[in-house]
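Engineer: Dropping the sequence and predicted coords here.
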Amino acid sequence: MEIQPWWFTIAPYEGESISHFLGRFRRENVLTVSGLGEITKLYGAIARWEKFRFNPPPSLEQLDKLSEIVQVDMATLQTMCPSAPMKMTPIRLCSACYGENPYHRMEWQYKEVYKCDQGKALPLRDRHSLKLLSECPNCGARFKIPALWVDGWCHRCFTPFVEMIT
């Protein structure tokens, strides 16, 4: 009898990018990028998605393979992938949003998004309306891919993301 592996599952956050989610799943299960690629039989696609390289975009077959392992339905995985033209680089973030809920939002990478419009249903005075950051305002280092965001701070000067509100 073959023993089937089991995985710690994690719930995706609302609007979370696939890059950030895959990084969290890998850390929870002590997996490398190539390890997750091998388990899912998606191989290099996992590394491409973590780096926001979606050409070609994930197929339904690929999302189904990922869904089987991460235990997240395909429709949710599709929302974690880009639905609008996006920028692969630089990686961007709203430090106020990150302070409220520490994860990378897919919408921050969309080409037409330059500032945070968190809380669209809120009165204008309660929205963040902050320009998205693409580098640390303290030292100028560009942000690493969200899959590598573990501690929520600049990898060069260790300034916490939440203290980067400008």
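Structural biologist: Now that the structure is in, tell me what you want to look at.
Engineer: Closest to the centroid, which residue in the protein?
Structural biologist: The centre of the chain sits closest to residue 20, judged by CA atoms, centre = their mean, with a distance of 2.7 Å.
Engineer: For the helix or strand that contains that residue, which helices and strands make contact with it?
Structural biologist: Taking DSSP states H and E as the definition, residue 20 sits inside helix 18-28. When contacts are defined as 3 or more CB pairs under 8 Å, 6 or more residues apart in numbering; DSSP states H and E, helix 18-28 sits against helix 33-40, helix 44-50, helix 74-80. All C-beta spots, glycine's among them, are computed from the backbone N, C-alpha and C.
Engineer: neighbouring contacts of the helix or strand following the second one?
Structural biologist: Which is helix 44-50. Using DSSP H and E, the next helix or strand after helix 44-50 towards the C-terminus is helix 60-70. Under the criterion CB atoms under 8 Å, 6 or more residues apart in numbering, residues 7, 9-10, 21, 25, 36, 39-42, 45, 58, 72-74, 77-78 lie in contact with helix 60-70.
Engineer: Which of these are buried, as a PyMOL select command?
Structural biologist: The buried subset of the contacts of helix 60-70, as determined by 16 or more other CB atoms under 10 Å, is captured in PyMOL by this line:
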select buried, resi 21+25+36+39+40+42+45+58+72+77
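Engineer: returning to what we had before: if I look at the residue nearest to the centre of the chain, how far off is residue 150?
Structural biologist: 11 Å (CB to CB, to the nearest Å).
Engineer: and stretch 103-113, how far out from the chain's middle?
Structural biologist: Distance of stretch 103-113 from the chain centroid (CA atoms, centre = their mean, to the nearest Å) equals 9 Å.
Engineer: Please identify the buried residues of it?
Structural biologist: Residues of stretch 103-113 classed as buried: 103-110, 113 (neighbour count, 16+ other CB under 10 Å).
Engineer: Pull up the gap between the closest residue in space to residue 107 that isn't next to it in sequence and residue 33, please.
Structural biologist: Distance criterion CB to CB, 6 or more residues apart in numbering; nearest residue to residue 107, sequence neighbours excluded, is residue 113 at 5.6 Å. Between residue 113 and residue 33 the computed distance is 27 Å (CB to CB).
Engineer: What's the mean pLDDT across the helix holding residue 20?
Structural biologist: Averaging pLDDT along helix 18-28 gives 97.
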